[in-house]
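Student: Provided below for reference: sequence and predicted model.
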Amino acid sequence: MFENKNKSQQNIYNSSEKEQDIYNPQIEKNLINQRELDLKRKNLTSKFLLGITITFIIFLIIVITNYYITPIEKKSSITQFSQEYIPRYTLDHESQWVLDLDESFADISNDNEEILFNFIWLKKAMFNLILGEKAYEVKKYKQALEYYQNAEKIIPNLEDLPIRLGMCYFQLKDYDNAIRVLENVSLDKLNNTTLNNLGAVLIDGKSYNLASNYLHQVIINDPLYANAYKNLAFLNKELGNDSKSITLYEKYLDINPEDNQTRHFFALYLNKIGKHYLCEEQINILLEKITDDPSIYLLQFYNSKKIGKLDDANNAMIRASNLTGINNPIKWMNDKEFKDFQKEENFELKMIQK
């Protein structure tokens, strides 16, 4: 009996509950619960402190933005606005006196007295002219126009005033009023850029005679002013003067040979009016510079067929097909359909965009 007992005690693999408790002491359940509560408290405390920190940072950002950054921006913009019209350093000595007067001095609408040619009204006119000049310089064209109109009411026959008014209208894209004001201005008083731009606007408005006068004056002033030739070429195209238009386009491209878009437009125009060999010349020049535009190859296809160069036409269509999708309608047109397409308004622009 004692022998069995001793054997039992010597058995190191004995797993009775009593012996197991000796070698694997268990933590009391209440201690575990206490530790879990402590851990939860620490987590809650950490989250609370994190929330307070984030809230404080957001509040700090708002304060800095509202009280330091925003006021500086507003103050800066106000300063710039007030200085844009009459920057002190840009006024010549004769104009410095306007700084001694409030801007309300420019207003003539609230004055009940009649506008007379006396010192006060003359001073008001000059004040408006100076403000108008400075507003125009900083591209405040609407304000400049108002100042010039005030001056015109006081001195309606001032020689240079129509030019200033017309340029304000032009910058504001009020072309009807720009033309109305400038059409009686002597052409030698307008610079080439103004004359050319007005000519282009007049072409769009179909005032071809006046446009021609402006554009020819540019060429008289400067025989190498390229854009005047291009605008005159387009004007004559619109009038159906094909021979003159071709000469002018060629002159323009001689001066400005890198304008590939205009050359493309010119080639399409030549094809449209049946000048197929001239068109071929322009196409060949284009293909020396541009080899990834399917619309040029489509033009070459139709043009080469007209002059019997079927191999060139076939190669052009293959190249165009490789560069464009199957849904391009131009590549599927027969000769009659393409000819009808040429009759559409803005045919050249539509082809260039294909």
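Tutor: Right, received. Where do you want to start?
Student: list the contacts for D293?
Tutor: By CB atoms under 8 Å, 6 or more residues apart in numbering, the contact set of D293 is L286, L323. For every residue, glycine as well, the C-beta is placed using N, CA and C.
Student: Can you report phi and psi for D102?
Tutor: Note on D102: backbone dihedrals following degrees, to the nearest 10 are phi -70, psi 150.
Student: how about the host helix or strand of L195: buried residues?
Tutor: Assigned by DSSP states H and E, L195 belongs to helix 192-204. Applying a neighbour-count criterion of 16 or more other CB atoms under 10 Å, one finds N192, T194, L195, N196, N197, L198, G199, A200, V201, L202, I203 buried in helix 192-204.
Student: For I219, see how far away the fifth one is.
Tutor: Which is N197. To I219, N197 is 15 Å away according to CB to CB, to the nearest Å.
Student: Please name the residues that touch M351.
Tutor: M351 makes contacts with L268, S295, L298, L299, I330, as judged by CB under 8 Å, 6+ apart.
Student: Swap in 10 Å and give it another go.
Tutor: Counting by CB atoms under 10 Å, 6 or more residues apart in numbering, M351 makes contact with 264-265, 267-268, 271-272, 295-296, 298-299, 302, 330, 338, 341-342, 344.
Student: Closest one of the residues you listed to K173?
Tutor: Using CB to CB, F265 comes nearest to K173 of the contacts of M351, at 24.1 Å.
Student: So for the closest one, what's the nearest residue that isn't a sequence neighbour?
Tutor: Nearest non-adjacent residue to F265, counting by CB to CB, 6 or more residues apart in numbering: E348, 4.9 Å away.
Student: Go through stretch 99-111 and flag the buried ones.
Tutor: Quick answer for stretch 99-111 (16+ other CB under 10 Å): A106, I108.
Student: Need the residues that contact it.
Tutor: Residues outside stretch 99-111 that contact it (CB under 10 Å, 6+ apart): 82, 85-86, 88, 91, 98, 115, 120-121, 123-125, 127-132, 143, 146-147, 149-151, 153-154.
Student: ok, now with 6 Å
Tutor: F127, N128, L131, N150 (CB atoms under 6 Å, 6 or more residues apart in numbering).
Student: pull the CA atoms of that stretch into PDB?
Tutor: The C-alpha coordinates for stretch 99-111 follow below in PDB (Å, rounded to 0.1, in the frame of the first residue of the first chain):
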ATOM      1  CA  LEU A  99      -4.300 112.600 -55.700                       C
ATOM      2  CA  ASP A 100      -5.500 115.700 -53.700                       C
ATOM      3  CA  LEU A 101      -9.100 115.100 -54.800                       C
ATOM      4  CA  ASP A 102     -11.600 112.400 -53.800                       C
ATOM      5  CA  GLU A 103     -12.700 110.100 -56.600                       C
ATOM      6  CA  SER A 104     -16.200 111.400 -56.300                       C
ATOM      7  CA  PHE A 105     -14.900 114.500 -58.100                       C
ATOM      8  CA  ALA A 106     -15.000 112.300 -61.300                       C
ATOM      9  CA  ASP A 107     -18.800 112.000 -61.000                       C
ATOM     10  CA  ILE A 108     -20.800 114.500 -63.100                       C
ATOM     11  CA  SER A 109     -24.200 112.700 -62.900                       C
ATOM     12  CA  ASN A 110     -25.200 114.300 -59.500                       C
ATOM     13  CA  ASP A 111     -24.300 117.900 -60.500                       C
END
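Student: mean confidence score for that stretch?
Tutor: If you average the pLDDT over stretch 99-111, you get 75.
Student: just the buried members of the contacts of M351?
Tutor: Among these, those classed as buried by 16+ other CB under 10 Å are 264-265, 267-268, 271-272, 295-296, 298-299, 302, 330, 338, 341-342.
Student: Just the ones in helices from those, please.
Tutor: Judged by DSSP state H, those include 264-265, 267-268, 271-272, 295-296, 298-299, 302, 338, 341-342 as members of helices.
Student: one step back: quick check: the farthest pair among the contacts of M351?
Tutor: Using CB to CB, the contacts of M351 span at most 19.2 Å, a distance reached by I296 and E344.
Student: A178 versus L190, what's the distance?
Tutor: From L190 across to A178, the span is 11 Å (CB to CB).
Student: after the worst-scoring helix or strand of the chain on mean pLDDT, next one along is what?
Tutor: Lowest mean confidence among the helices and strands of the chain (mean pLDDT, DSSP states H and E): helix 70-85, at a mean of 43. Downstream of helix 70-85, the next assigned helix or strand under DSSP H and E is helix 119-137.
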